[in-house]
Each structure stands twice: as structure tokens, then as C-alpha cells.
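Trainee: This is a predicted model, with the sequence first.
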Amino acid sequence: MSNTSVAGESLKSYTSSKPRTEYNRYVRIKVLVLIILCAGLFALAIFAIGQGSAKVSVAEIFKTFIGQGEARSQTVVMGVRVPRVTTAILVGAILAITGVVMQSVLKNPLASASTLGVSNGASFGATIAIIVFSAGIQNSTSAANAISVTNPVLVSTCAFIGGIGATIIIIALSRIKQVGQQGLVLAGVALSAIFSGASTLIQYFADDVQVAAVVFWTFGDLGSTNMKEVLIILAAFAGAFIFFMINRWNYNAMENGEETAKSLGVNVNLIMYSTMAVAAFATSIAVSYVGIISFIGLIAPHIMRRFVGNDYRFLIPTSAVAGALILLGADSFARLIIAPIILPIGAITSFVGGPVFLWILFKGAKRK
Amino acid sequence: MINIKDITFSYGKRDILKDISFDIEENKCIAILGNNGAGKSTLIKCLNRIIPVKQGAVMVDGADVFNMSRNDVARNIAYVAQKTETSRVTVYDAILVGRKPYIKWDITSEDRRIVDEIIDHMNLEDFSLRYIDELSGGELQKVMLARALVQQPKFLLLDEPTSNLDPRNQYELMKRVRHVAKEHGISVAVVIHDLNLALRYCDKFLFIKDSKIFSYGGHETMTAGIISDVYNLKSEVIDHNGIKMVVPLPEEPYGYEAAEMKHLRVVGN
């Protein structure tokens, strides 16, 4: 079959064939899902920017965006709400896309930064940076700003080393010891416990202020980032998203198993190691600024798999938007439900995400 | 033309395959035969670099596969694995991924045209949007064959493609493989256990024993003697209405088997 025509027939008979027409419609539905998600995210973002102790109307928000808002609105919208909302969107998207690709390369539907111990590893690294290397300070003037990262490069680096350390152990267990799917998640639980134990030990020898700072930090907080930090998180998201999208056909090929992927020209080991490294890096950046936020990397991909299947051309972008939507929704809930008290976001995502994930699991099991 | 030269593969110090050399002509389908664990599947995985060989060469129309990029290998050699991992993707998407070696940034209209042609050719139109994890074994193997064909290979490797199929689907699949080889000028190597399927649809038979080629040749090589040597199984090769068949005789025939044998003319021993 050296020529391009398999059946030796002309192009015109296939341009309007039934499978082609039906597939085009199927693809349009996936695009529509993505558009609806983006529209929902935009609406929720505007809502979240407008709501809070100081309410801002939608018209005023847009005026502020073009520099014509009142001074008060400028402070509230651009100084407080936009960094918070943007952080929620970016971190949600990072956790979701890293969850998607980890599930792909490890062939494990339960894989995500939080279940594999990557988040805890990164958290451990960040704890060392904050306490041992004094890369963070406690700010007692506001509960929302209980901890500020004074040396983001050091915190991110330490978080990355912790995250990548957990990733290397997971890859070794997966590849060398051939640990199965359930075993890998159990290994993640064990790794998380080890990192938590190590973090506790470090905190034990720290002073009260540092311990309070780290404990508050581990609750997860989307409100302590400034625009400079938002840009760093944006760079991490953009880098990871572009890398994963470049490899979307490799992930599609890997859905057929390792041998088939190799026969389709995929360098399976290179894709797996580079994907895990990029995922660990992006997760570590996110974790180092906002603390541990669980379940987004599981919930968003699993919901989107039900809408767009396992086609990574659509699964990666839709999961990114869904993750952003879920985290922004959870943060808005945490901020507004008993305002002015802001509930810890990590607890909210776990409370909402845990049951939803169980529901998805049981629904899937029932269908089988 | 496919030329395989001196393929040697080892696990540690143990040679699994040693100095395997043979040729496959265009349009021809060869069966790779031998006991479980003889190295049949290992051999075809060596041929397209799924596993690295210790030494040897695979030439496709004179080009050395071991010096090609991964994408170029995939453009020349397609492979259908013994065990297919299914996922929540449609039949159309599962076939489309076969164009992976040709995709630069995204699929082109040419990729879509080739997929449409194969879907039409393999009569898959009616379930092109079904998820592959909902297909029967026979349907799934057809889809995997279609996925391999959109790679537009010169050499097609099939690892026990009929192992999970009922007899009717086994014959259907092998008939299709044979048809594809003939119509599109593809050389095919298929690992198979069913000697009668091999006899019916393959041109040549490569028997592997003790890490080496025990026998390689046409229908004349499928004899009770070789089957006995390779499989340690007593059998008779008979002619049933002009069709050569292998009748395994693992022990003394039962009464009805003995009676049936009287109606069949023994053609080889």
C-alpha cells in the first residue's frame, strides 16, 4: 500500500460519506461542549469578581477593566478579586490537565497529583523552604494574608524538588516494579503519609508563628497571590498546556497500549518521563502558591471523559476549563457562603470532590 | 520485498531468537508457527523495533528499518497486538490514530480521506461512532486491522489476531488479511496457532523451534513429520475435497474419529 489511495477510488465519493458526516457532527458537539464551558467560566468569573463584602456591578467591572471605573472599584476588582479569580482559574486548570495526562501515561484512572503524593511532596518542599530557608513570612494583619511567600523562586524550586521526588518514586514503582493500578494509588497514600510525617517533624522544631503560617498555608488559599505571582502561575500553566497539547496524538496513541503506541511511532518512555516531569513542575508551582487542593485533577478529567471521551485533542482543553470552573466555583462558595469568613478551599474541594468522585466510580461500576 | 537478516534477541544471557533470516515477497502472507514460548511474538516485536534486538537487520524494499526514525518505521510497518487495550474512543477515532506517523500538528483532509476509505472498505460504516469498549471481539479485531491499514504499511505484523475469536470470525478475519495483502501489495507476517487457518490463508510457513528457524517454505513443508518435531504432536495432513488440512491425533482416535478418518485420503506423513 505504497500509494495514498487505499481502495484505489476517487476522493469525491468519500467527502460526503456517512461516517465522515456523522463524525463531523460528533466533533462539532465536542467543540460546543468546550464553548459552553468557556462561556460558563466567563460568567462565573464575572460573578465571582462582583461578589464579596464590597459588591461591584457587572457594568462597573467592565468599566474597571478598561480603566474607567471608580477608585474603590479599581482597588477591589484589580487589587483583590481579579488576582484571586485568575489564580483559581489557573490553578484549577493546572490540576485538571496534569491529572488528565498522569492518568494517560500511567494508564491509571485514579492518578492525579494529590492521589500519587506529588502534591504532598511539593508541599513538603515548600514547607522546608518556608521554615528552614525562611522563604515565607507570616503577616498577622489579615487572616487572608496569613502567609506571604517572600522568595517565590526558592519556594517553587523546593516544591518542585519535592514533587519530582515523589514522581520519580511513582515512576519507578510503575515501571520497574510493575506495581498495578490500585497498588500505585496505595503507594501514593504511603508517599503522602511519609511527606506529611516529614513536614510534621519540621514543624515540630519550628516556632509557633512559622507553624501557624505553614498550617494556614496547607489549608489552601487562593487569596494571597499578587499579580506577579499570578503571572508565574500563568507561565506554568501555559508551558504545561502547550507541552500536553503538542503531545495529544501521542496520548491518543498510548490509549491503545504501549506496544501499539510504539508501533505508531511513539517514544513511549520519553513521553511518559517528560510528561510526568512537566506535570510535577506545573503542580509544584501551583501548590507552592496556594497549598494543597485535592480532587480537581480527578473530578474534572472524569467528568469530561463522559462528555468528550478519551480523545486528548478535546479532553485536555475541556478538562482545563472544567477544572478552572470547579475550583472557581468552590472558591466562590468558600468566600460567600458564610461571608465575611472565608472557608479553606482545600476542605471545600475535598468535601465536594470526594462524594462526586465516589458517585462517578459507582456509576461507572454499575454501568459495567 | 522484506528481508530479515540474522535477527538475534536475548533476555540476559539466554538467547530467545538466534540468527533468524528469511524473506517475504510482496503480496505474500507468511505464518509464524511454533510452540508457546518459542519466541514467535518476540520475533514480530523485534521486526518493528517494539523491542530492541541484539543484532540483525530488517530491510523493507532495501531500506534498513533499524536506521529509520520511529515515524518512518511506523509508515513502513504496521502491527496489531495480541491483546488490544480498549478505551472510551469511537471506532472512527481509533482508526484515525493510525495516521499518527503522518500527523505533524493535526490531521489533514488527506488523513480523513484515507480513514473514510478504509472504513468503507472494511464495512465499518454502521458502527463508526460506537465506542470500541462496546465492540465484540470480532468487530474489535476488524477495527484494529483497519487502524493498521491506515498506516499505509508495506509490511503488516499480526500477533495471534484470531486467538479470541469464534471460528467464523477467525476465518473472516484471515480472509480479509489475505485479501488486503493481495489487493494492496502488502507483505504480511502473522503469528498463529491454528494450522488449518494458516494452511488456508498463508503462502509460507515459518516454524520456530529452540530459538531458530526449524523450517520455512510453502505448503509442501506442512507435513506430519515437521508438526511432530515442532509441537511433539502426532497428526495427519489430509486432503479434504481439495483442501489440505491438519488433523491432530493427540492419542489413539476415539471410535467416531477412526470412522471419520476412513473417508479422508491421507496425503502426507
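Mentor: Alright, I've got the coordinates.

Trainee: OK, contacts around A:Met78?
Mentor: A:Thr64 (C-beta atoms under 8 Å, 6 or more residues apart in numbering or on different chains). All C-beta atoms are positioned from the backbone trio N, CA, C, and that covers glycine.

Trainee: What helix or strand is the spatially most central residue of chain A located in?
Mentor: Among the residues of chain A, the one closest to the centroid is A:Leu95, at 1.0 Å (C-alpha atoms, centre = their mean). Following DSSP states H and E, one finds A:Leu95 within helix A:82-105.

Trainee: after that helix comes which helix or strand?
Mentor: Next along the chain from helix A:82-105, counting by DSSP H and E, comes helix A:118-127.

Trainee: angle of that next one against helix A:82-105?
Mentor: Interaxial angle, helix A:118-127 versus helix A:82-105 (axes from the mean of the first three to the mean of the last three C-alpha atoms, to 10 degrees): 130 degrees.

Trainee: ok now helix A:118-127, how far from the chain's centre?
Mentor: 15 Å (C-alpha atoms, centre = their mean, to the nearest Å).

Trainee: Would you check that A:Asn247 makes contact with A:Ile271?
Mentor: Yes - contact criterion C-beta atoms under 8 Å: A:Asn247 and A:Ile271 qualify, at 6.0 Å.

Trainee: which one of these two has more residues nearby?
Mentor: Neighbours were counted for A:Asn247 and for A:Ile271 using other C-beta atoms under 10 Å in any protein chain shown; A:Asn247 has more, 23 against 19.

Trainee: Which strand residues bridge the residue nearest to B:Leu199 when sequence neighbours are not counted?
Mentor: Of all residues not flanking B:Leu199 in the chain, B:Lys244 sits nearest, at 5.3 Å (C-beta to C-beta, 6 or more residues apart in numbering or on different chains). Going by DSSP bridges, B:Lys244 is paired in beta bridges with B:Asp239.

Trainee: Next, the contact list for B:Lys244, please.
Mentor: Applying C-beta under 8 Å, 6+ apart, the residues near B:Lys244 are B:199, B:219, B:222, B:237-238, B:267.

Trainee: Read off the pLDDT value for it.
Mentor: With respect to pLDDT, B:Lys244 scores 86.

Trainee: Same check on A:Gly165?
Mentor: pLDDT at A:Gly165 comes out at 87.

Trainee: other SSEs contacting the host helix or strand of it?
Mentor: In this assignment (DSSP H and E), A:Gly165 forms part of helix A:152-175. For helix A:152-175, the packing partners by 3 or more C-beta pairs under 8 Å, 6 or more residues apart in numbering or on different chains; DSSP states H and E come out as helix A:118-127, helix A:181-204, helix A:227-246, helix A:268-290.

Trainee: and it with helix A:268-290, angle?
Mentor: 140 degrees.

Trainee: And helix A:152-175, how far out from the chain middle?
Mentor: Using C-alpha atoms, centre = their mean, the offset of helix A:152-175 from its chain centre is 16 Å.

Trainee: Can you get me a residue count around the closest residue to chain A within the stretch 151-269 of chain B?
Mentor: Nearest residue of the stretch 151-269 of chain B to chain A: B:His184, at 4.0 Å (C-beta to the nearest C-beta). Residues lying near B:His184 (other C-beta under 10 Å) number 22.

Trainee: Now tell me which helix or strand of the chain has the poorest mean pLDDT.
Mentor: Chain wasn't specified; assuming chain A. helix A:12-15 (a mean of 46; mean pLDDT, DSSP states H and E).

Trainee: List only those of the contacts of B:Lys244 flagged as buried.
Mentor: B:199, B:222, B:237-238 (16 or more other C-beta atoms under 10 Å in any protein chain shown).

Trainee: for chain B, what are the low-confidence residue spans?
Mentor: Filtered on pLDDT under 70, chain B yields the residue ranges B:251-269.

Trainee: can you list the domains in it?
Mentor: Segmentation of chain B into domains, based on automatic domain parsing, reads B:2-222, B:232-269.

Trainee: Quickly compare the ones you listed and say which is most buried.
Mentor: Of those, the one with the most neighbours on average (mean count of other C-beta atoms under 10 Å in any protein chain shown) is domain B:2-222, at a mean of 19.

Trainee: How is the residue nearest the centre of chain B assigned, secondary-structure-wise?
Mentor: Residue closest to the average C-alpha location in chain B (C-alpha atoms, centre = their mean): B:Val190, at 1.6 Å. Secondary structure, DSSP: H, G, I helix; E, B strand; the rest coil: B:Val190 is strand.

Trainee: That one and B:Cys202: what is the separation?
Mentor: Here B:Val190 is placed at a distance of 7 Å from B:Cys202 (C-beta to C-beta, to the nearest Å).

Trainee: Any chance you could list residues touching both of the two?
Mentor: B:29-31.

Trainee: low-confidence ranges in the stretch 151-300 of chain A?
Mentor: Ranges of the stretch 151-300 of chain A meeting pLDDT under 70: A:152, A:177-182, A:213, A:216-217, A:220.

Trainee: residues from it in reach of chain B?
Mentor: Within the stretch 151-300 of chain A, the residues that sit near chain B (C-beta under 8 Å from any C-beta of the partner chain) are A:249-250, A:252-253, A:255-257, A:259-260, A:262-267.

Trainee: Go again with 10 Å.
Mentor: For the stretch 151-300 of chain A, the residues in contact with chain B (C-beta under 10 Å from any C-beta of the partner chain) are A:245-246, A:248-250, A:252-268, A:270.

Trainee: which of these are buried?
Mentor: Buried by 16+ other C-beta under 10 Å: A:245, A:248-250, A:252-266, A:268, out of these.

Trainee: Leaving out the residues flanking it, which one is nearest to B:Ala81?
Mentor: Per C-beta to C-beta, 6+ apart, closest to B:Ala81 is A:Glu259, 4.8 Å.

Trainee: just A:Gly257 next, same as before
Mentor: Leaving aside its sequence neighbours, A:Gly257 sits nearest to B:Glu85 (C-beta to C-beta, 6+ apart; 3.7 Å).

Trainee: That neighbour in helix, strand or coil?
Mentor: coil.

Trainee: right, and it touches A:Ala253 too?
Mentor: No - in this structure, B:Glu85 is not within contact of A:Ala253 by C-beta atoms under 10 Å, at 11.3 Å.

Trainee: Find the residues that touch each one of those two.
Mentor: A:260-261 (C-beta atoms under 10 Å, 6 or more residues apart in numbering or on different chains).

Trainee: Which pLDDT value belongs to the residue nearest to the centre of chain A?
Mentor: For A:Leu95, the predicted pLDDT is 94.

Trainee: re the thing from before, B:Asn48: which of the shared contacts of B:Val190 and B:Cys202 is nearest?
Mentor: Set against B:Asn48, the nearest of those by C-beta to C-beta is B:Ile30 (15.2 Å).

Trainee: Each with direction, which strands does the stretch of helix or strand the closest one belongs to pair with?
Mentor: Per DSSP H and E, B:Ile30 falls inside strand B:29-33. Using DSSP bridges, strand B:29-33 pairs in its sheet with strand B:187-191 (parallel), strand B:204-209 (parallel).

Trainee: Can you give the distance from the longest one to the centre of its chain?
Mentor: Same thing as strand B:204-209. 12 Å.

Trainee: I'd like the next helix or strand past that strand.
Mentor: Following strand B:204-209 in sequence order, the next helix or strand is strand B:212-217 (DSSP H and E).

Trainee: between A:Asn247 and A:Ile271, what contacts are shared?
Mentor: Shared contacts of A:Asn247 and A:Ile271, counting by C-beta under 10 Å, 6+ apart, come down to A:101, A:104-105, A:253-254.

Trainee: which among these gets closest to chain B?
Mentor: Taking the shared contacts of A:Asn247 and A:Ile271 together and measuring to chain B by C-beta to the nearest C-beta, the closest member is A:Ala253, at 5.0 Å.

Trainee: Quick check: that closest one touching A:Asp311?
Mentor: No - counting by C-beta under 10 Å, A:Ala253 sits too far from A:Asp311 to count as a contact (11.7 Å).

Trainee: between those two, what contacts are shared?
Mentor: Common neighbours of A:Ala253 and A:Asp311 (C-beta under 10 Å, 6+ apart) are B:Val97.
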